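S.K.: need a 3D model of the sequence below.
(2 chains)
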Amino acid sequence: MNEPARQSTRADIEQLVAGSRRAEAIARLIELWTNAPTAAAANFITSCFASLQKSADPPPLKPFRLAILRSFTVEPIMPLLRAASLLSGIDLTVHLGEFNAYTQEILDDQSPLYGFTPDAAILAVQAEDLAPDLWTTFANLSAEEADEAVRRCSQHINNLISSFRRRTQASLIVHTMALPNQPTMGLLDAQSEGSQSSYIQQINKEIRRHAEQVAGVYLLDYDALVARHGRNVWRDKRKWLTARLPISAPNLVHQAREWHRFLPPLTGKMAKCAVVDLDNTLWGGIVGEDGLEGLKLGSEYPGAAFRDVQRALLDLSQRGIILAICSKNNDADVKEVFDKHPDMLLKAEHFAALRINWTPKSENLKAIAAELNIGIDSLAFIDDNPVERQQIRCALPEVMVVELPDNPQGYAEAIRDFAPFERLSLVSEDKQRARYYAAKRQARDLEHGAGSREDFYRSLEQRAIICSVTPLSLKRVAQLTNKTNQFNLTTRRYSEQQVEEMASKEGWEVCSIQVVDRFVDNGIVGVAIFHTQGSTCEIDTFLLSCRVIARTVETALLAHVVSQARRRGATQLRGWFLPTAKNAPAANFYQTHGFELLKQTEQGKLYGLDLASSDVQNPPWIETTETSS
Amino acid sequence: MSAFETVRTIAADLFQVAAAQLSESSSPETLQQWDSVQHLNLVTAIEEHFSLCFEPEEIDQMSDLGAIAQLIDAKQ
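M.R.: Residues are numbered from 1 along each chain as shown, chains lettered A, B, ... in the order given. Predicted structure coming up:
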């Protein structure tokens, strides 16, 4: 964008902000940031958000507390990180650790780090600071000395990881070490197994091995980040020597973006479903005009760009992201492409919902969210047409919109780069999700065929396995507490560490429910957390994935809680319903299972069941197996 | 737009003041927000915007916004 255009854009945006036209202003800011992600734009974005937040209709922002512990100067990165976060709906509060004081901060219980109570911390240490001997004077070291240096450095970081975890449940992101631009031995470095690079890689390996065993610790592949943007241009020697800033000005934004990529998965602002357009997005050309043969799709230019898009979407579905189509098209034309085009990597069965019609896309997106039983704010919209993107941003500001470049060659990269598609851990349920949803579509069809509700439940041939949380199911249980919005009575979010702690507390029980039906093994789809003290058992958390809502699985899980409460000597079972914007499907749950309303407060309703006079039975059409501690 | 006007816009966003409040003689002495950290932020923002890289000696000469604009003009 040239200078006058930039100025008029800013003036336009300032006017939208002043007029409290929030959705339009944010849409324009995203456009500005995509075209020129600079420090100047970042500061402008931050000041626009400051004004919007003072307006009558402030943007909904999720607060997040981030600590940055570092061995180098990061201050110029912070405005860029703050702007990127605001644009994805996250309001950062940052604690910057003192320069090079990361060890003391982590080891000292009384340090400002713990006083800050972070949600997450980043540990950014460079190889040259951690291992100056391996970095600068490697040529002088014997193999034994180099091994010793690797041991010392990896142990230092690993001790910091463990100490951090003992003191806080916050997530931790650890930078790995970058390789040197110029190995001290020159060409010789590549000739031997005991090269300088291999020793530094060994440190990274040791850190990774340790981090994998500590819940909530994630690695940032700093070497890959530096390499991606070019080792020689990444570094700025002058700023390193004068201000301890190792990263050159044009690359600061890349560091900010890499940090930002961790935030959507850590804050739960993730895209669960990618809704894609067809013409000129999934394939080149317009099927209604160019016909099947005229489409650009395949292994050659220009069709290869669209095959790359399909490959990227397939990879997303392997991460557990559901795919859906929203396209202004004729159904029959589209069907023909899916059935007959030899180069389609994506098949109709990869998509969980289809809206191929001429209805406005905002209406279709709402219908897709309803059909899939997910919130509209967990949809990501992928469309080559900037007008459609802008309309969605204004009509449905909750929907995440993937900004695509003008040239289709860049589409796949933009999709892979979109932070709300990032995941920090993957359980087997995620990988299978596309199949679950396809199966669910079949089950829906079956429901239409079945005579009564009971016949339908019977025809599903459901089996439920309820058991106490185990080290294997811990990750999934914590994930469900963070991701489940609809059938969730209390919407309490817990980290793996917190779930572990509750499970080990006296009188507490954390159990999960796995459901298998005649179509598919749904995996672990529900969680109940409850605790008994004296004659009262209280349900802390009760949730069910939307995948199995309305099949009486919830009754089976509640029946388990009732029997456990009795076993532990309780005479009354209690539970809160805490309403949120999304959990209306769970509002009548306790009432329909015979609970009485005990108390109503501003936060919600407390229900109770007298265990002496009432009972909850396992539904006869579900075969339930219980294993409990 | 002249180098000075661009520098002024970048500085105004950074220091969160109106551009009209800034002049060529605006400096760390006249602006409370302009501390050593913000100085570094200002330098990197300008380097990024103009696609150039200052020598440490040049950064030392950046006593006010006017001096910064002159350095940019000299380098372009």
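S.K.: residues contacting A:Asp406?
M.R.: When contacts are counted by C-beta atoms under 8 Å, 6 or more residues apart in numbering or on different chains, A:Asp406 is found next to no other residue. Where C-beta positions appear, they are placed from N, C-alpha and C, glycine not excepted.
S.K.: and it, backbone torsions?
M.R.: Dihedral pair for A:Asp406: phi -70, psi -40, per degrees, to the nearest 10.
S.K.: which helix is the longest one in chain A?
M.R.: Among all segments of chain A classified by DSSP state H, the helix with the greatest residue count is helix A:143-167.
S.K.: that one packs against which elements?
M.R.: Packed against helix A:143-167 by the contact rule (3 or more C-beta pairs under 8 Å, 6 or more residues apart in numbering or on different chains; DSSP states H and E) you find helix A:102-107, strand A:120-124, helix A:127-130, helix A:132-136, strand A:171-175, helix A:196-211.
S.K.: and the angle from the longest one to strand A:120-124?
M.R.: In terms of direction (axes from the mean of the first three to the mean of the last three C-alpha atoms, to 10 degrees), helix A:196-211 departs from strand A:120-124 by 160 degrees.
S.K.: tell me which other helices or strands helix A:196-211 touches.
M.R.: Under the contact criterion of 3+ C-beta pairs under 8 Å, 6+ apart, the helices and strands touching helix A:196-211 comprise helix A:127-130, helix A:132-136, helix A:143-167, strand A:217-220.
S.K.: format those as a markdown table; extra columns: distance to A:Ile392 and mean neighbour count.
M.R.: Output for the helices and strands packed on helix A:196-211, formatted as a markdown table (distance: least, C-beta to C-beta, whole Å; neighbours: other C-beta atoms under 10 Å in any protein chain shown):
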| stretch | distance to A:Ile392 | mean neighbour count |
| --- | --- | --- |
| helix A:127-130 | 44 | 20 |
| helix A:132-136 | 49 | 17 |
| helix A:143-167 | 40 | 17 |
| strand A:217-220 | 31 | 18 |
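S.K.: could you export the ones you listed as a markdown table, including mean pLDDT?
M.R.: Converted to a markdown table, the helices and strands packed on helix A:196-211 look like this (pLDDT from 0 to 100):
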| stretch | mean pLDDT |
| --- | --- |
| helix A:127-130 | 92 |
| helix A:132-136 | 91 |
| helix A:143-167 | 95 |
| strand A:217-220 | 96 |
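S.K.: just to revisit the earlier point, can I get the helices and strands packed on helix A:143-167 in JSON lines with distance to A:Leu313?
M.R.: Listed next are these as JSON lines, based on distance: least, C-beta to C-beta, whole Å:
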{"stretch": "helix A:102-107", "distance to A:Leu313": "40"}
{"stretch": "strand A:120-124", "distance to A:Leu313": "29"}
{"stretch": "helix A:127-130", "distance to A:Leu313": "37"}
{"stretch": "helix A:132-136", "distance to A:Leu313": "41"}
{"stretch": "strand A:171-175", "distance to A:Leu313": "27"}
{"stretch": "helix A:196-211", "distance to A:Leu313": "29"}
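S.K.: out of those, which gets nearest to A:Gln155?
M.R.: helix A:196-211 (7.9 Å; C-beta to C-beta).
S.K.: contacts for that closest one?
M.R.: Identification of contacts with helix A:196-211 by C-beta under 8 Å, 6+ apart yields A:127, A:130-131, A:134-135, A:138, A:146, A:149-150, A:153-155, A:157-158, A:161-162, A:174, A:176-180, A:183-185, A:189, A:217-219, A:223.
S.K.: could you pull up the mean pLDDT of that helix?
M.R.: Confidence over helix A:196-211, taken as the mean pLDDT, stands at 96.
S.K.: and what of stretch A:93-107?
M.R.: Model confidence over stretch A:93-107, given as mean pLDDT, is 94.
S.K.: and that stretch, how far apart are its ends?
M.R.: The first and last residues of stretch A:93-107 sit 22 Å apart, counting by C-alpha to C-alpha, to the nearest Å.
S.K.: again, but for stretch A:462-474
M.R.: 23 Å.
S.K.: list the buried residues of that stretch.
M.R.: When neighbours are counted by 16 or more other C-beta atoms under 10 Å in any protein chain shown, the buried residues of stretch A:462-474 are found to be A:462-464, A:466-467, A:469, A:473-474.
S.K.: then stretch A:212-228?
M.R.: Neighbour-count burial for stretch A:212-228 flags A:215-218, A:220, A:222-223, A:225-226 (criterion: 16+ other C-beta under 10 Å).
S.K.: same question, stretch A:199-208
M.R.: So, applying 16+ other C-beta under 10 Å, buried residues of stretch A:199-208: A:199-204, A:206-207.
S.K.: any idea how far A:Ala304 is from A:Ser457?
M.R.: That one is not Ser; residue A:457 is Tyr. A:Tyr457 sits 48 Å away from A:Ala304, going by C-beta to C-beta, to the nearest Å.
S.K.: one more: A:Ser171?
M.R.: 38 Å.
S.K.: higher neighbour count, the two?
M.R.: Applying other C-beta atoms under 10 Å in any protein chain shown to A:Ser171 and A:Ala304 shows that A:Ser171 carries more neighbours, namely 22 against 19.
S.K.: low-confidence regions, chain B specifically.
M.R.: Low-confidence segments of chain B, defined by pLDDT under 70, are absent.
S.K.: now chain A
M.R.: Within chain A, the set of residues satisfying pLDDT under 70 comprises A:1-7, A:428-429, A:431, A:434-435, A:438-439, A:441-453, A:456, A:628-629.
S.K.: and the spatially most distant residue from the centre of it, how far from chain B?
M.R.: With distances taken from the mean C-alpha point of chain A and given as C-alpha atoms, centre = their mean, the most distant residue is A:Asn140, at 45.4 Å. Note on A:Asn140: its distance to chain B, by C-beta to the nearest C-beta, to the nearest Å, is 30 Å.
S.K.: got it, and A:Glu300?
M.R.: In this structure, A:Glu300 lies at 35 Å from chain B, with C-beta to the nearest C-beta as the measure.
S.K.: quick check: that residue is in a helix.
M.R.: No - if the criterion is DSSP: H, G, I helix; E, B strand; the rest coil, then A:Glu300 is coil and not within a helix.
S.K.: residues near it, how many?
M.R.: Using other C-beta under 10 Å, the number of residues around A:Glu300 comes to 10.
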